[in-house]
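S.K.: below are the sequence and a predicted model; questions follow.
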Amino acid sequence: MTDDRPPVVIGAGPAGIRAAATLAAAGLVPIVLDEAPASGGQIYRRAPPGFTRPYRALYGFDAAKASRLHTAFDGIKGHIDYRPDTLVWDLRHGALHCLSAGRSREVAYRDVILAPGARDRIIPFPGWTLPGIYTLGGAQIALKYQGCAIGRRVVFMGTGPLLYLVAYQYAKAGGGIAAVLDTTPFAAKRRAVPGLMRAPGTFAKGLWYVAALRARGITIANGIRPVEAEGTDDAVSALLYRNAAGTERRLACDAIAFGFGLSSETQLADLAEIPFAFDPVQQQFLPERDIAGRTPVRGVYLAGDGSGIAGADAAELAGERAALALLEDRGHEVGKPRLAALERDLRQFAGFRATLEAAFPFPADIAAGMPDETVLCRCEGVTAGEFRRAARALEADEINRAKAFSRCGMGRCQGRVCGPAAAVVLAAALNLPPERIGRLRGQPPVKPIPMAVVT
Ligand SMILES: Cc1cc2nc3c(=O)[nH]c(=O)nc-3n(C[C@H](O)[C@H](O)[C@H](O)COP(=O)(O)OP(=O)(O)OC[C@H]3O[C@@H](n4cnc5c(N)ncnc54)[C@H](O)[C@@H]3O)c2cc1C
């Protein structure tokens, strides 16, 4: 096979943009596919045409980085084959199935860099399907993209850096905040301080968000546990939670934004038949790759949060490194000192990730103890109790079997939303470690598409 088939990059976030720029600098014309209407990815999502908010208002401390990345992409746009509004919904035997403008087309590939990023990791709790309840990322997109808030009195609940960042962004934009409720006990954060100080810039930003929230008189509570969201079929009206002392509290609100960190978007990697392994730090199965982004499957490379959460700065480095690996494998000369520098920095980011996970641990106990009546899979309307009963009665100690018996994870989202929590529910119900339960296999379409496309 000749070298002239263009490499494909899936995703135009920080990882995909740096990958595309590196390939373009080497004289190649990569195809860049992204389901979003504009480049930038999650963190550097661009405002729609006609919106004129300045970078500082949109991206805060990251305004300069956003501007740099957007400029870099705009600079290569004429030298690459960029296809926005294009969802890659299947990947098979050298062909990508891409939905654009209501039609599916095949894009043949020889080399592909997967950079599809991440999504919110959630744990369902009683009442979480009421109108007015969003993920943290969803709440942020409403503000960043559409310039609107999800409510006038919003509870921010969960854990992770995004909890404080999104609450801060709402507060700064003048949004009403009922409280910020963190499931992480204060002691866990205090223990993580020495490690966090290894990335002083990131740590300082976190402290700034907390201080700015407190300065506005916003309550921040640590070590909480959600009990129930209350409301009607029309709207959520309160969050019932237990504080760190175990006392139940009711907080009136008209919206809730919640999330417990991020999960990598790994379905395309799965369809590419990359082997997965359980990552004890991130508590999820991740596709295997080396520091350069090479996978055991020839011609398939991984970069950015889609192969493990490491943040936007690491995603840029990983995108460049994966593109250089692709170039090396095609026989191009690449500068060894640059490879060494990228790999050194990527290792540092990976080390810091463990500290962040310790500072904001995934509260698996909430998922394990999910009340039976909680809707676990909202696509198929399966409760935690139904899931547990099906798994126990039919002796399903592997998550795909449990899915087949209960329909949990079989709906429109293909388990992308409920999957991580369902794995913990199953592991706890059967008294097994989470790595024994396995992972939901990726299935096409990786995101919902119209039936007409596949019939
Ligand atoms: C909702 C959300 C909000 C976030 N907000 C922040 C923040 O404010 N600050 C911060 O520091 N970090 C934030 N993060 C984390 C941050 O976005 C990531 O660390 C960083 O963007 C990773 O870059 P990436 O290129 O790997 O992925 P992303 O930036 O997520 O880019 C992935 C791109 O791939 C595209 N894509 C995904 N799947 C497909 C597909 N099947 N077909 C075609 N295109 C596809 C997406 O449209 C997207 O443009 C956020 C994460 C999420 C999920």
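M.R.: Yes, it's here.
S.K.: right, is stretch 156-171 up against the ligand?
M.R.: Yes - applying C-beta under 6 Å from any ligand atom, one finds stretch 156-171 touching the ligand at 162, 165. C-beta: built from backbone N, CA, C; applies to glycine.
S.K.: so how far is that stretch off the chain centroid?
M.R.: 15 Å (C-alpha atoms, centre = their mean, to the nearest Å).
S.K.: same thing with stretch 358-378?
M.R.: The chain centre lies 17 Å from the centre of stretch 358-378; the measure is C-alpha atoms, centre = their mean.
S.K.: same question for stretch 336-355.
M.R.: Here stretch 336-355 shows a centroid-to-chain-centroid distance of 21 Å under the convention C-alpha atoms, centre = their mean.
S.K.: just checking, what packs against the worst-scoring helix or strand of the chain on mean pLDDT?
M.R.: When the helices and strands of the chain are compared on mean pLDDT, DSSP states H and E, helix 451-454 comes out lowest with a mean of 84. Packing partners of helix 451-454 (3 or more C-beta pairs under 8 Å, 6 or more residues apart in numbering; DSSP states H and E): strand 103-108.
S.K.: at 10 Å instead, please
M.R.: strand 87-92, strand 95-100, strand 103-108 (3 or more C-beta pairs under 10 Å, 6 or more residues apart in numbering; DSSP states H and E).
S.K.: hmm, who's touching that helix?
M.R.: Helix 451-454 is contacted from outside by 87, 89-90, 97, 99, 102-104, 444-445, using C-beta atoms under 10 Å, 6 or more residues apart in numbering.
S.K.: any idea which of the helices and strands packed on helix 451-454 is most buried?
M.R.: Mean neighbours per residue, mean count of other C-beta atoms under 10 Å, is largest over the helices and strands packed on helix 451-454 for strand 87-92, with a mean of 22.
S.K.: what pairs with it, parallel or antiparallel?
M.R.: As defined by DSSP bridges, the strand partners of strand 87-92 come to strand 95-100 (antiparallel).
S.K.: quick one: the partner strand near the ligand?
M.R.: No - residues of strand 95-100 are not located near the ligand by C-beta under 6 Å from any ligand atom, the shortest gap being 7.6 Å.
S.K.: close to the ligand: what parts of the stretch 101-250 of the chain are there?
M.R.: 115-120, 137, 140, 162, 165.
S.K.: out of those, which is most surrounded?
M.R.: residue 115 (35 neighbours; other C-beta atoms under 10 Å).
S.K.: close enough to count as contact, it and residue 42?
M.R.: No - the pair residue 115 / residue 42 is not scored as a contact, 11.6 Å apart, by C-beta atoms under 10 Å.
S.K.: what residues are shared contacts of the two?
M.R.: 13-14, 305, 315.
S.K.: which residues touch residue 446?
M.R.: 87-91, 97, 116, 265-268, 270-271, 413-414, 416.
S.K.: sorry, back to before: keep only those of the residues of the stretch 101-250 of the chain next to the ligand that are in strands.
M.R.: With DSSP state E as the criterion, strands contain 118-120 from among those.
S.K.: just send those residues back as TSV, with distance to residue 261 too.
M.R.: Listed next are these as TSV, based on distance: C-beta to C-beta, whole Å:
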residue	distance to residue 261
118	9
119	11
120	8
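S.K.: how about JSON lines for those residues, with pLDDT added?
M.R.: As requested, these are exported to JSON lines (pLDDT from 0 to 100):
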{"residue": "118", "pLDDT": "97"}
{"residue": "119", "pLDDT": "97"}
{"residue": "120", "pLDDT": "97"}
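S.K.: list the buried residues of the helix or strand where residue 239 lies.
M.R.: Assigned by DSSP states H and E, residue 239 belongs to strand 236-242. Under the neighbour-count criterion of 16 or more other C-beta atoms under 10 Å, strand 236-242 has 236-241 buried.
S.K.: same check, this time on stretch 191-200
M.R.: 192, 195-196, 199.
S.K.: tell me the mean pLDDT over it?
M.R.: Stretch 191-200 carries an average pLDDT of 91.
S.K.: contacts for that stretch next, please.
M.R.: For stretch 191-200, contacts defined as C-beta under 10 Å, 6+ apart pick out 184-185, 189, 202-207, 311, 313, 348-349, 351-352, 354-361.
S.K.: ok, of those residues, which come out buried?
M.R.: 184, 189, 202-203, 205-206, 311, 313, 349, 352, 355-361.
S.K.: strands of the stretch 351-455 of the chain, residue ranges please.
M.R.: Here the stretch 351-455 of the chain has its strands, by DSSP state E, counting those that start in this stretch, at 375-377, 382-383.
S.K.: save those as CSV, and put in distance to the ligand too.
M.R.: Shown next, in CSV, are these (distance: least, C-beta to the nearest ligand atom, whole Å):
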stretch, distance to the ligand
strand 375-377, 20
strand 382-383, 24
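S.K.: hey, which of those is tucked in deepest?
M.R.: strand 375-377 (a mean of 24).
S.K.: for the stretch 101-250 of the chain, just list every one of the strands.
M.R.: Along the stretch 101-250 of the chain, counting by DSSP E, counting those that start in this stretch, strands occupy 103-108, 112-114, 118-120, 133-135, 154-159, 177-182, 220-221, 225-231, 236-242, 248-252.
S.K.: that older thread, TSV please, covering the strands of the stretch 351-455 of the chain and showing mean pLDDT and distance to residue 30.
M.R.: TSV is the format used below for the strands of the stretch 351-455 of the chain (pLDDT from 0 to 100; distance: least, C-beta to C-beta, whole Å):
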stretch	mean pLDDT	distance to residue 30
strand 375-377	98	37
strand 382-383	98	41
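S.K.: would you turn those into TSV with distance to residue 219?
M.R.: TSV is the format used below for the strands of the stretch 351-455 of the chain (distance: least, C-beta to C-beta, whole Å):
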stretch	distance to residue 219
strand 375-377	28
strand 382-383	32
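S.K.: now do the same end-to-end measure for stretch 425-436.
M.R.: 13 Å (C-alpha to C-alpha, to the nearest Å).
S.K.: so what's the residue count around the closest residue in space to residue 339 that isn't next to it in sequence?
M.R.: Spatially, and ignoring its direct neighbours in sequence, residue 339 is nearest to residue 324 (6.2 Å; C-beta to C-beta, 6 or more residues apart in numbering). By other C-beta under 10 Å, 23 other residues sit near residue 324.
S.K.: and residue 324, what element?
M.R.: According to DSSP H and E, residue 324 maps onto helix 312-329.
S.K.: so where's this structure shaky on pLDDT?
M.R.: For the chain, the stretches with pLDDT under 70 are 1-3.
S.K.: okay, domains of it per the record?
M.R.: 2-119+263-357, 122-260, 364-436 (automatic domain parsing).
S.K.: I'd like these laid out as CSV, including distance to residue 450.
M.R.: What follows is the domains of the chain, written out as CSV (distance: least, C-beta to C-beta, whole Å):
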stretch, distance to residue 450
domain 2-119+263-357, 7
domain 122-260, 22
domain 364-436, 12
